[in-house]
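> here's a sequence, model it:
(chains A and B)
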Amino acid sequence: MQRISVTVRLNRSALQFDEAAYARLESYLAEAARTLEGNPDQQEILGDLEQAVADQCMRRARPEQGAVTLAELEPALEEIGSVQVPGASTGSDQATRVAARPLQQVSEGAVISGVCQGLARYFGLNVTALRIFAVLLLFISGGGMILVYIALMLLMPYAPLEPGGQPLGWLPSRSRSFMQYLRAKFSVATN
Amino acid sequence: MTDESKLAPIRKGLLEFLVLKIVGAESMYVPDILRRLAGTEFTTQEGTLYPLLSKLRREDLVQYEWKESDLGPPRKYYRLTDSGRAQLSALDEYWNLINRTIADIGH
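Presented below is the predicted three-dimensional model:
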């Protein structure tokens, strides 16, 4: 059995890619296209990048090898780098901004109140893994985890709802409004 | 590493100036421009340079022409337009002015 190789037309060059390399290339170009969304030269820049990928891969290709594999494509893409729009924030700026996102509960797509989603977003963790971990803690702690969760529900502010975001589930929407009600009452009482 | 976050925006702002300078000296295609910048503080990548050049072309500061190549498909060679040249000398002058100010201030 042989892996399928695909002929890819990259701007003015045609190359053979194996399946994995083709998938990687496709996702790189899709990401580039998204970054260049709305740029009047989007197509032209994508063409330039395709040509850069083709040139780099040809330079790295081993003669005995039929198709470009990830072994050539990855370093090529590494050298070309992701698309940076001039004047916009750079990738590292964005990374800092994501990391600097405040610790907030995220109601969209939440199971209970969005605590796990908020923690996952803040610490850059996988939310499913975090939820599983939280459920494990619930059993290990003999229910003490419930108190921790309620405390976090009370203490973590709610992230503003994304305009046009997914609708809230029944429980997240109830817990959100209930917590906000409690907070309003509490701050009235303390002021 | 307090510095890097403060230095990166300076480099980013100056990259355009440097690119104008490079293609102002002679018409060049992108891998040559990258080589010229490689190893300097302004080392950059195609992913950054192509969008920047297309912006500069939109602003009528650079233009390109296709040249045949023995090694593969035709290449885009970038050079300054007249307004690009004017912009470059204005930037050069401004850069000197800033340098003088920085050198003089606090003395």
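> rest of the way, CA atoms for contacts and neighbours
Noted.
> low-confidence ranges in the chain?
Reading this off chain A. Counting by pLDDT under 70, chain A has low-confidence residues at A:1-3, A:87-101, A:163-164, A:188-191.
> ah, I was thinking of chain B
For chain B, the ranges with pLDDT under 70 are B:1-2.
> what about 90?
Applying pLDDT under 90 to chain B flags residues B:1-13, B:69-74, B:106-107.
> which non-adjacent residue is nearest A:N126?
A:A120 (6.0 Å; C-alpha to C-alpha, 6 or more residues apart in numbering or on different chains).
> neighbours of the residue of chain A found nearest chain B, how many?
At 4.2 Å from chain B, A:V83 is the closest residue in chain A, using C-alpha to the nearest C-alpha. Neighbours of A:V83 under the rule other C-alpha atoms under 10 Å in any protein chain shown: 26.
> A:E44 is in what secondary structure piece?
Taking DSSP states H and E as the criterion, A:E44 maps to helix A:42-60.
> please save the CA atoms from that helix in CSV.
Provided in CSV are the C-alpha atoms of helix A:42-60 (Å, rounded to 0.1, in the frame of the first residue of the first chain):
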residue,chain,number,x,y,z
GLN,A,42,-5.3,38.9,-0.3
GLN,A,43,-5.2,36.8,-3.4
GLU,A,44,-1.9,38.2,-4.6
ILE,A,45,-0.2,37.8,-1.2
LEU,A,46,-1.5,34.2,-1.0
GLY,A,47,0.0,33.6,-4.5
ASP,A,48,3.3,35.0,-3.3
LEU,A,49,3.3,32.8,-0.2
GLU,A,50,2.4,29.7,-2.3
GLN,A,51,5.4,30.5,-4.5
ALA,A,52,7.6,30.9,-1.4
VAL,A,53,6.4,27.5,-0.2
ALA,A,54,7.1,25.9,-3.6
ASP,A,55,10.5,27.4,-3.8
GLN,A,56,11.4,26.4,-0.2
CYS,A,57,10.1,22.8,-0.7
MET,A,58,12.0,22.4,-4.0
ARG,A,59,15.2,23.6,-2.4
ARG,A,60,14.7,21.1,0.4
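> picking that back up, tell me the buried residues in the helix or strand encompassing the residue nearest to A:N126?
In this structure, A:A120 sits in helix A:115-123 according to DSSP H and E. Within helix A:115-123, the residues scored as buried using 16 or more other C-alpha atoms under 10 Å in any protein chain shown are A:V115, A:C116, A:Q117, A:G118, A:L119, A:A120, A:R121, A:Y122.
> helices or strands up against it?
Applying 3 or more C-alpha pairs under 8 Å, 6 or more residues apart in numbering or on different chains; DSSP states H and E, one finds that helix A:115-123 contacts helix A:91-99, helix A:127-140, helix A:144-155.
> quick one: the closest residue in space to B:Y77 that isn't next to it in sequence from B:Y78, how far?
Leaving aside its sequence neighbours, B:Y77 sits nearest to B:Y29 (C-alpha to C-alpha, 6+ apart; 4.4 Å). The gap separating B:Y29 from B:Y78 is 6 Å, by C-alpha to C-alpha, to the nearest Å.
> and those two? Which one has more around it.
Relative neighbour count places B:Y78 above the other of B:Y29 and B:Y78, with 23 against 18, counting by other C-alpha under 10 Å.
> close to chain A: what parts of chain B are there?
Counting by C-alpha under 8 Å from any C-alpha of the partner chain, chain B comes close to chain A at B:Q45, B:E46, B:G47, B:T48, B:Y50, B:P51, B:L52, B:S54, B:K55, B:P73.
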